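Undergrad: dropping a prediction and its sequence here:
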Amino acid sequence: MPETKPVVSSSRRGVAHRWNQTLIPTTREAPNDAEVPSHVLLHRAGFIRQVGAGIYDYLPLGLRVINRIASIVREEMDAAGACEMLMPALEPFELFEGTRRDEAYGDNLFRLKDRKGRLNALAPTHEEVITQLMIGAVSSYSQLPLNIYQIQTKFRDEARPRAGLLRCREFLMKDAYSFHMSVEGPGGLNETYDAMYRAYTNIFTRCGLDFTAVEAESGPIGGSASHEFMVNCASGEDTILKCPATGYAANVEKCEIGHRPHDLGGAPTGELTEVHTPNLPGIDEVGKFMGVKVPRLLKTIVFKSLVGSSALPGTPTWVLAVVRGDHEVNEGKVKTLAGVPVNMAPEAEARAAGFAIGYVSPRAVNAVPGTILLIDADAAQGGFWATGADKPDQHVKHFNWKRDVGEVLGNPDKVRIGDVRNAVEGDPSPRADGQKLVTGRGIEVGHIFKLGTKYSEAMGLSILNSQQTKQVVIMGCYGIGVSRTMAACVEMSHDDNGIIWPAAIAPYHVHLTLMKPEDDKQQRAAATIADQLTAAGIDVLIDDRPERAGVKFKDADLVGIPFRITIGEKALEQGAVEFKARRDSGKGEVVAQTDIVRSCLASING
RNA sequence: CAGGGUGUAGCUCAGUUUGGUAGAGCGUGUGGUUUGGGUCCACAAGGCCGCAGGUUCAAAUCCUGUCACCCUGACCA
């Protein structure tokens, strides 16, 4: 007769697995494909194996970590009032055509034909599917707000998968979508957005991650309508900036820059002199060739208005953005300051209009009709400048704003000074006078976003409100890269010997090593301890392989389970075992067998 | 997509320049030895040399094509 178990239990019993009952193929060397630490260590420790570019097996240890993260995500999402469901990964292609995301995603959208020749997509994300579902499933404002999530495999045909699990073509993601009749007030988008912000903070805190929530590029609603959750880690792909005084943090695309004084009135430093600068591919080379430091060069980028001058009289056709040579133009900030949507100008069109691409100077504002000039505050200064000569293969020295651009500088319709570049370390904080921004690197593991009505409008999700008028539903979306979180954790927490898991997402809490598994006394002690630990809710990996001590210790460090119990002859004679945290060096302390469960519990929960 | 690189044993790599029977270390198996931080010794198994053409008496090696994977950049709701 099978043992019956209560359906409902208030306590969770831990599991004890023996190394040889599971699959943990550790290796001394990593495959030469693996370069970043998380990829190397997750492979060497037997958590993942690569199947193809950006496609991985999750082996038993890897899946256990994934499941730990997923269950923390579930608990916090459920606690925040969200509700789980599951959508298909395979979808009819027309869904994406309806919202034109087939174009927006382009080649990143996996397409495949079925036997009837119909085109399908493997979903990169599920706005269309859930919106379609809601159209049929929700018919009254009284059913809203709703926040629905899933944890599911996503597909993106990345141009370049890389860095192991950090940029995959197939990956595990939690995506949530919320639906509202209003932005403000009870039941509004902002309420859920804030709840998600708190839930994400709880999730990543509980996962034991060192992270920063940063403001990201705003959605259609504006304001701080998007936040990214970044694991702080020097090897991260993304740059984040923080104000040390106020806690303001933003990604590099979004980060505002505090007040910078500017002055276009400085006296000329010399005659405007042309310099022949052929075949110099970049600004660094130009500076070197001219003998001018890059921060004394002016870089002028040509943007094209997407509105066009014919639509609205007075709207510019071309937008010039001028920054110092060592700075980077920020397209979003250009749009804001220009007041019109813009794109980087297609080179051929810009040339046809009279711009000497690669050699454009601010003077082009006077030469090409329909052009406005945006000057970054750091570029709007007196003193020596070098810049393009507005003809091929020529630059100029001793450029002077007032002399060489002239009175148009005083025309606010044509020339604006402001912030059009990416923030860099040391820029003034936008939130505290006298404070300077500091930079850090991060790995994006979560992103929350106020979608607005983009999808509901495109797909026709509208509902009668209490005034009996039809209203387009307002949406938010909230993503967490679950598999990426596992990798980001390893990037953040490892040493030369292997991974160091936070207890909350470790594959097991305790690694129990038998020095002499052939010794019955040690086997009995291991069984007893494992039984006591699991009864206390602790998950245990028992390494009773007939290997030498060194092999087992090395593997234990590599796998990175946070606490290790070693059963050896000497201590066992005194009724004791050794206990050691993975993050500590040395052999650890000798603990009486009767105290070991208490020690483990205290360490794991502490 | 552009530039660069690599495909040879389960893993790391040599061999390719100069064509002539497929190599090492690690790992695996067996026997012995050792036993608290990847012991030592012996023996053994294990290869469509990415794939397809071509040149040649003969191709891992030369030529052509192709595929895969990695790196840098572009791209990345």
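TA: Done, it's in.
Undergrad: around RNA strand B, which positions in the stretch 201-350 of chain A sit nearby?
TA: Residues of the stretch 201-350 of chain A lying close to RNA strand B (C-beta under 7 Å from any atom of the strand) are residue A:237. Every residue, glycine included, has its C-beta placed from N, CA and C.
Undergrad: pLDDT below threshold where in chain A?
TA: Applying pLDDT under 70 to chain A picks out residues A:1-3, A:10, A:218-224, A:280-281, A:308-314.
Undergrad: would you point out which residue of it is nearest RNA strand B?
TA: Nearest residue of chain A to RNA strand B, counting by C-beta to the nearest atom of the strand: residue A:568, 1.4 Å away.
Undergrad: pull the number of nearby residues for that residue.
TA: With neighbours defined by other C-beta atoms under 10 Å, the count for residue A:568 comes to 19.
Undergrad: what's the answer for the one 10 residues further on, then?
TA: Burial of residue A:578, expressed as a neighbour count using other C-beta under 10 Å, amounts to 20.
Undergrad: host element of it?
TA: Using DSSP states H and E, residue A:578 sits within strand A:576-581.
Undergrad: and the next helix or strand past that strand?
TA: Sequence-wise, the next helix or strand downstream of strand A:576-581 (DSSP H and E) is strand A:589-592.
Undergrad: would that following strand count as contacting RNA strand B?
TA: No - judged by C-beta under 7 Å from any atom of the strand, strand A:589-592 stays clear of RNA strand B, getting no closer than 9.1 Å.
Undergrad: setting aside sequence neighbours, what's the nearest residue to the residue of chain A closest to RNA strand B?
TA: residue A:515 (4.2 Å; C-beta to C-beta, 6 or more residues apart in numbering).
Undergrad: residue A:85 contacts residue A:148, doesn't it?
TA: Yes - contact criterion C-beta atoms under 8 Å: residue A:85 and residue A:148 qualify, at 5.7 Å.
Undergrad: and stretch A:324-333, how far from the chain's centre?
TA: Centre-to-centre, stretch A:324-333 and its host chain are 22 Å apart (C-alpha atoms, centre = their mean, to the nearest Å).
Undergrad: now that stretch: buried residues?
TA: A:324-327, A:329-331, A:333 (16 or more other C-beta atoms under 10 Å).
Undergrad: what residues does the stretch 451-600 of chain A have near RNA strand B?
TA: A:479, A:497, A:515, A:547-551, A:553-558, A:566, A:568-571, A:578, A:580, A:587.
Undergrad: which one of the buried residues of stretch A:324-333 is nearest residue A:125?
TA: residue A:331 (23.0 Å; C-beta to C-beta).
Undergrad: picking that back up, any idea how far the residue of chain A closest to RNA strand B lies from residue A:373?
TA: Distance, residue A:568 to residue A:373, by C-beta to C-beta, to the nearest Å: 76 Å.
Undergrad: returning to what we had before: surely the residue of chain A closest to RNA strand B and residue A:512 touch.
TA: No - contact criterion C-beta under 8 Å: residue A:568 and residue A:512 do not qualify, at 11.9 Å.
Undergrad: who has more neighbours, residue A:85 and residue A:148?
TA: A direct count of neighbours by other C-beta under 10 Å for residue A:85 and residue A:148 places residue A:148 higher, at 19 against 10.
Undergrad: partners of the more buried one in the sheet?
TA: residue A:83, residue A:177 (DSSP bridges).
Undergrad: you'd agree it is up against residue A:130?
TA: Yes - the criterion here is C-beta under 8 Å, and residue A:148 meets it with residue A:130 at 6.5 Å.
Undergrad: who touches both of those two?
TA: Taking C-beta atoms under 8 Å, 6 or more residues apart in numbering as the criterion, residue A:148 and residue A:130 both touch residue A:177.
Undergrad: three-state assignment of the residue lying closest to residue A:80 once chain neighbours are set aside?
TA: Nearest residue to residue A:80, sequence neighbours excluded (C-beta to C-beta, 6+ apart): residue A:199, at 4.0 Å. Using DSSP: H, G, I helix; E, B strand; the rest coil, the structure places residue A:199 in helix.
Undergrad: my read: residue A:199 touches residue A:78, true?
TA: No - using C-beta under 8 Å, residue A:199 is not in contact with residue A:78; the gap is 9.4 Å.
Undergrad: near the residue nearest to residue A:80, how many other residues are there?
TA: 26.
Undergrad: now swap in the one 5 residues further on and tell me
TA: When neighbours are defined as other C-beta under 10 Å, residue A:204 has 27 of them.
Undergrad: who touches residue A:81 in this structure?
TA: Shown in contact with residue A:81 (C-beta under 8 Å, 6+ apart): A:147, A:192, A:195.
Undergrad: hey, C-alpha coordinates of stretch A:576-595 in PDB?
TA: Extracted C-alpha coordinates of stretch A:576-595, given in PDB (Å, rounded to 0.1, in the frame of the first residue of the first chain):
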ATOM      1  CA  ALA A 576      30.900  15.200  15.700                       C
ATOM      2  CA  VAL A 577      31.100  16.400  12.100                       C
ATOM      3  CA  GLU A 578      32.700  19.300  10.400                       C
ATOM      4  CA  PHE A 579      30.600  22.300   9.300                       C
ATOM      5  CA  LYS A 580      31.800  25.000   6.900                       C
ATOM      6  CA  ALA A 581      30.300  27.700   4.800                       C
ATOM      7  CA  ARG A 582      31.200  27.700   1.100                       C
ATOM      8  CA  ARG A 583      32.200  31.400   1.300                       C
ATOM      9  CA  ASP A 584      34.700  30.800   4.200                       C
ATOM     10  CA  SER A 585      38.100  29.300   3.700                       C
ATOM     11  CA  GLY A 586      39.700  26.600   5.800                       C
ATOM     12  CA  LYS A 587      38.300  23.400   7.200                       C
ATOM     13  CA  GLY A 588      35.400  24.800   9.200                       C
ATOM     14  CA  GLU A 589      34.400  24.000  12.700                       C
ATOM     15  CA  VAL A 590      33.700  20.800  14.500                       C
ATOM     16  CA  VAL A 591      30.100  20.500  15.500                       C
ATOM     17  CA  ALA A 592      28.500  17.900  17.700                       C
ATOM     18  CA  GLN A 593      26.100  15.700  15.700                       C
ATOM     19  CA  THR A 594      23.300  16.600  18.100                       C
ATOM     20  CA  ASP A 595      23.800  20.300  17.200                       C
END
